[in-house]
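Colleague: I need the structure of the sequence given here:
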Amino acid sequence: MDRLTTGRRHARAGSVTVTELLIRQASPARCTDSSPAEPDDITDTIPVVAPASHRRPPARNTQFAKLASIGVAGVVLCGAVTVSSMIYQQRRENAQSAVRPAVQITGDQALLPDRLDRGLPRAYVPAESPRQVPPTDGASAATAAPSTTPPPSAPVTPVHAPPGGTTASANTDDDEAGPANDLALVREFYENLPGAPAAAFQLLSPELLNSSLGEFLQSWSLVVAIDSLELVQQADGVLATVRMRLLGGGHLRIQQLLTVAESPRRIVGVQLLSAQRN
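Modeller: Below is the predicted model of the structure:
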């Protein structure tokens, strides 16, 4: 059978064109319902996977050691703060005590032996009480009588130094001693105390003591004798170290700083530096 050779393509039976294929293709269905689409349950069923850590979980012993070290560090810190506050307080008190002037014992408290004896700690109390009351009455009565007449004559010669044959030696001593006259006056004061306390009282300035002559005599009646006397001239006065024997048999050692005036040769200041009973 001869084929047509006209040059045109003829449609074959049962063939489908491209246009028909496009028309036949199913179009996507549109949602006509206005309600929101139901959520997909697939996302709820997928578990959340936590990122895996490469570190090992800490052991209980390690945690306990960390807590213990933190506690010890806290205790050490609190102790350091407490110690530093104590050191600061102590330094502050030391600075205040250094700035605070020391208490000076002067006047009657520094010169009268009975007040010095009462101020010192007692080693044996029963032996101290009888020697203060009975001896003072008898000794003061014995020394009060001669104190009415001799006081004007005895101290006047070294203090005022009037011209005369009896005062020639005193004048020569004053001229030879020069600046050491304070030593001579202080030595004379202590030498007169055991036997003639009234004469020693005249060598004191009236403004130095608040006590009277009778109280001065009664106080020094407790002293039997002066065992040793050391005098040293200083720029601020005469340093006297005296060891005296008391009526009860005890000894009192005192160290005093005495100041002597120039115009009236009298003791105008007494400061107690140390005192001890032995």
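Colleague: Output the contacting helices and strands for the helix or strand where L239 lies.
Modeller: Taking DSSP states H and E as the criterion, L239 maps to strand 237-246. Strand 237-246 is packed against helix 113-119, helix 181-195, strand 223-234, strand 251-260, with contacts defined by 3 or more Cβ pairs under 8 Å, 6 or more residues apart in numbering; DSSP states H and E. For glycine as for every other residue, the C-beta is placed from the backbone atoms N, C-alpha and C.
Colleague: among the ones you listed, which gets the worst mean confidence?
Modeller: Sorting the helices and strands packed on strand 237-246 by mean pLDDT places helix 113-119 lowest, at a mean of 79.
Colleague: that older thread, mean neighbour count and distance to R24 for the helices and strands packed on strand 237-246 - can I get that in JSON lines?
Modeller: Formatted as JSON lines, the helices and strands packed on strand 237-246 follow (neighbours: other Cβ atoms under 10 Å; distance: least, Cβ to Cβ, whole Å):
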{"stretch": "helix 113-119", "mean neighbour count": "17", "distance to R24": "136"}
{"stretch": "helix 181-195", "mean neighbour count": "18", "distance to R24": "148"}
{"stretch": "strand 223-234", "mean neighbour count": "13", "distance to R24": "139"}
{"stretch": "strand 251-260", "mean neighbour count": "18", "distance to R24": "138"}
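Colleague: Tabulate those (CSV), appending distance to G269.
Modeller: Listed next are the helices and strands packed on strand 237-246 as CSV, based on distance: least, Cβ to Cβ, whole Å:
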stretch, distance to G269
helix 113-119, 17
helix 181-195, 11
strand 223-234, 13
strand 251-260, 3
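Colleague: nearest to Q63, of the ones you listed?
Modeller: helix 113-119 (67.1 Å; Cβ to Cβ).
Colleague: can you count the residues close to G71?
Modeller: 10 (other Cβ atoms under 10 Å).
Colleague: Give me the pLDDT for it.
Modeller: The model's pLDDT for G71 equals 91.
Colleague: do the same with L21
Modeller: Predicted confidence (pLDDT) for L21: 76.
Colleague: can you tell me the helix or strand for it?
Modeller: helix 18-24.
Colleague: so who does S205 touch?
Modeller: With contact set as Cβ atoms under 8 Å, 6 or more residues apart in numbering, S205 has these partners: A261, P264, R266, I267, V268.
Colleague: Looking at these, which gets the smallest pLDDT?
Modeller: For these, the weakest pLDDT value sits at P264, with 80.
Colleague: Now do the same for it: helix, strand or coil?
Modeller: Secondary structure, DSSP: H, G, I helix; E, B strand; the rest coil: P264 is coil.
Colleague: Quick check on it: phi, psi?
Modeller: With angles defined as degrees, to the nearest 10, P264 sits at phi -90, psi 120.
Colleague: just E207 next, same as before
Modeller: Dihedral angles for E207 - degrees, to the nearest 10 - are phi -80, psi -10.
Colleague: Does it touch V268 like I think?
Modeller: Yes - contact criterion Cβ atoms under 8 Å: E207 and V268 qualify, at 7.3 Å.
Colleague: From S84, how far off is G74?
Modeller: 16 Å (Cβ to Cβ, to the nearest Å).
Colleague: Show the pLDDT at the nearest residue to F216 once chain neighbours are set aside.
Modeller: Leaving aside its sequence neighbours, F216 sits nearest to F201 (Cβ to Cβ, 6 or more residues apart in numbering; 5.2 Å). Per-residue confidence (pLDDT) for F201: 90.
Colleague: residues near F201, how many?
Modeller: Neighbour count for F201, taken as other Cβ under 10 Å: 21.
Colleague: Would you check that it makes contact with G214?
Modeller: No - if you go by Cβ under 8 Å, F201 and G214 don't touch, sitting 10.2 Å apart.
Colleague: Which single one of the contacts of S205 is nearest to N192?
Modeller: Taking Cβ to Cβ as the measure, N192 lies nearest I267 of these, at 12.0 Å.
Colleague: so the closest one touches Y190, yeah?
Modeller: No - assessed by Cβ under 8 Å, I267 is found out of contact with Y190, at 10.7 Å.
Colleague: helix/strand/coil for S84?
Modeller: helix.
Colleague: I'd like the distance from it to Q90, if you could.
Modeller: Separation of S84 from Q90 (Cβ to Cβ) stands at 11 Å.
Colleague: confidence score at A141?
Modeller: Note on A141: pLDDT of 36.
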